[in-house]
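Engineer: here are the coordinates; sequence isn't available:
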């Protein structure tokens, strides 16, 4: 399959002909507040304002944390449109897309570009489990129809597919393919992508428990789940690691260790049940879960509450 390479020079550094990272810092994988099965718009407004006030650089709509895979097309578009509108260009709004229906994904990408999306986070075509060449053609097809940068998502636990460094190197040649969100926990993969694709494709960690090591290696920041609850703390860690002194980076590493049980607790039950439960207990208007997700086991929540309290962050009492 042949592809026409569009020239989006606004994304290219003129001095070295390298791409500019879509963002540097913290992108929050937003939870979606639901009421009676529909979007709770006023609650979403409050959650977005909380993120902007905390200083995040981007938010992601309709991702796994936002229960995007469980939405029908109408609800998905409503959530995306509301996120773009409520953010008012104060932060970048990325839209989570992708799946086995390539035609639908392309249609959604083209629509979201017209709505004002700043970028896309694209998961592999789960369940279909195509070949590496199929993955290449899948991502190229989506990139060809996007007017804004896309970031690949390497999340094999959810999709059953693992991206390779070689595939990322091939995809890096497309001007709209900006980077990869690494969620597999494989630091060797991250390092290989950074080595092979320097200046052409960037890496962000998608694991809160790898903020310090991945940024130390050269990652551009974090796609964070924990930032829904503690955005100031996550932003602070990222900023220290990316732009701080040696002492500040050591402090960030100490925070990483201190928060480790909380970061792990986010996955003690199916994501995003734990983080959304913690937010509700802290007083945030997050509403209900969409089936098949259900309420968190109360005994598991008690343990997660202890993990939160163990960080010393007073999130459960200050709202």
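Structural biologist: Received the coordinates, thanks. In this text the structure is predicted, and so the values were computed from the model without any measurement. Residues are numbered from 1 along each chain as shown.
Engineer: List the residues that contact the residue nearest to the spatial centre of the chain.
Structural biologist: Nearest to the geometric centre of the chain sits residue 223, at 3.8 Å (CA atoms, centre = their mean). Contact partners of residue 223, counting by CB atoms under 8 Å, 6 or more residues apart in numbering, are 27, 29, 60, 121, 181, 204, 205, 206. Where you see a C-beta, it was placed from the backbone N, CA and C, and this is true even at glycine.
Engineer: now the helices for the stretch 1-150 of the chain?
Structural biologist: Assigned by DSSP state H, counting those that start in this stretch, the helices in the stretch 1-150 of the chain fall at 41-54, 73-87, 102-115, 132-144.
Engineer: Extract the residue ranges of the stretch 1-150 of the chain that are flagged as low pLDDT.
Structural biologist: 1-17 (pLDDT under 70).
Engineer: residues near residue 249, how many?
Structural biologist: Residues near residue 249, counting by other CB atoms under 10 Å, number 18.
Engineer: That one contacts residue 238, correct?
Structural biologist: No - using CB atoms under 8 Å, residue 249 is not in contact with residue 238, being 11.1 Å away.
Engineer: which residues does the nearest residue to residue 56 once chain neighbours are set aside contact?
Structural biologist: Distances taken as CB to CB, 6 or more residues apart in numbering place residue 26 nearest to residue 56, at 4.7 Å, with adjacent residues excluded. By CB under 8 Å, 6+ apart, the contact set of residue 26 is 55, 56, 57, 58, 221, 222, 224, 227, 231, 234, 235, 238.
Engineer: residue ranges for the strands of the chain, please.
Structural biologist: Assigned by DSSP state E, the chain shows strands spanning 25-29, 34-35, 38-39, 58-61, 92-97, 119-122, 150-154, 177-182, 202-205, 221-224.
Engineer: Dump those strands into JSON lines; add distance to residue 105 as well.
Structural biologist: Formatted as JSON lines, the strands of the chain follow (distance: least, CB to CB, whole Å):
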{"stretch": "strand 25-29", "distance to residue 105": "19"}
{"stretch": "strand 34-35", "distance to residue 105": "23"}
{"stretch": "strand 38-39", "distance to residue 105": "21"}
{"stretch": "strand 58-61", "distance to residue 105": "15"}
{"stretch": "strand 92-97", "distance to residue 105": "5"}
{"stretch": "strand 119-122", "distance to residue 105": "8"}
{"stretch": "strand 150-154", "distance to residue 105": "11"}
{"stretch": "strand 177-182", "distance to residue 105": "15"}
{"stretch": "strand 202-205", "distance to residue 105": "21"}
{"stretch": "strand 221-224", "distance to residue 105": "19"}
